[in-house]
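Attaching a predicted model along with its sequence, questions to come.
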Amino acid sequence: MPRQRKRTRTKPARGPDAPTGILNLPDPNMPHPPKLSDFVELAAAEYLRDTGRVDLDARWIAAYFADSGVTDAYPLQDLIAFSALVQKALDNRAQRAEKVARHHLERIARRRRRP
């Protein structure tokens, strides 16, 4: 005969973090800072737009880090880790662009072979 699990009752949550109904939705009146990944993607896009290069410049990322509000939203985030994340995003964008360009060149080469 299989064992039956003992059912326990849990007490409802109380206090400011308690759900207000069925769904625990965030308060729409409280502004939330952008995610760190949003800061990283914005930095990568802006750097590519400004310089057109994939190798991240230390002075540029230091100025962006100070001016963009990353330290306000994430006070424990340091510049070195942030620049590594931005460099990784730049590398990913470069690889994606290289893959798309290679794909287009292959399509052009296939069209020329056909008589």
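Ah, there it is. As the structure is a computational prediction, the values presented were derived from the model and not from experiment.

Look at residue 91 and say how many residues are nearby.
14 (other CB atoms under 10 Å). (C-beta placed from N, C-alpha, C; glycine too.)

you'd agree it is up against residue 56?
No: using CB atoms under 8 Å, residue 91 makes no contact with residue 56, being 9.6 Å away.

Overlap in contacts, these two.
Shared contacts of residue 91 and residue 56, defined by CB atoms under 8 Å, 6 or more residues apart in numbering, are absent.

Could you name the helices and strands sitting against the helix ranked longest in the chain?
Longest helix in the chain, counting residues (DSSP state H): helix 79-113. If contacts are counted by 3 or more CB pairs under 8 Å, 6 or more residues apart in numbering; DSSP states H and E, helix 79-113 sits against helix 36-51, helix 58-67.

Now do the shortest one: everything it contacts.
Meaning helix 58-67. Contacts for helix 58-67 (CB under 8 Å, 6+ apart): 43, 46-47, 50-51, 71, 79, 82-83, 86.

mind running it again at 10 Å?
The contact list for helix 58-67, computed with CB atoms under 10 Å, 6 or more residues apart in numbering, reads 39, 42-43, 46-47, 50-51, 53, 56-57, 70-71, 77-80, 82-84, 86-87.

next SSE after that helix?
For helix 58-67, the following helix or strand on the C-terminal side (DSSP states H and E) is helix 70-73.

List the buried residues in that next one.
residue 70 (16 or more other CB atoms under 10 Å).

So for the chain, the centremost residue is which one?
By CA atoms, centre = their mean, the chain has its centre lying nearest to residue 37, at 2.3 Å.

Wait, residue 34 touches residue 73, no?
Yes: if you go by CB atoms under 10 Å, residue 34 and residue 73 touch, sitting 6.7 Å apart.

for stretch 31-42, which positions count as buried?
Quick answer for stretch 31-42 (16+ other CB under 10 Å): 39-42.

mind exporting that stretch as CSV, just the C-alpha atoms?
Output in CSV follows, covering the C-alpha atoms of stretch 31-42 (Å, rounded to 0.1, in the frame of the first residue of the first chain):
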residue,chain,number,x,y,z
PRO,A,31,9.4,52.7,-11.0
HIS,A,32,11.8,49.9,-11.6
PRO,A,33,15.3,50.4,-12.9
PRO,A,34,16.2,48.8,-16.3
LYS,A,35,17.8,45.4,-16.1
LEU,A,36,21.6,45.2,-16.3
SER,A,37,21.3,43.4,-19.6
ASP,A,38,19.4,46.4,-21.0
PHE,A,39,22.3,48.7,-19.9
VAL,A,40,24.8,46.2,-21.6
GLU,A,41,22.8,46.1,-24.9
LEU,A,42,22.4,49.9,-25.0
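
Thank you kindly, that will do.
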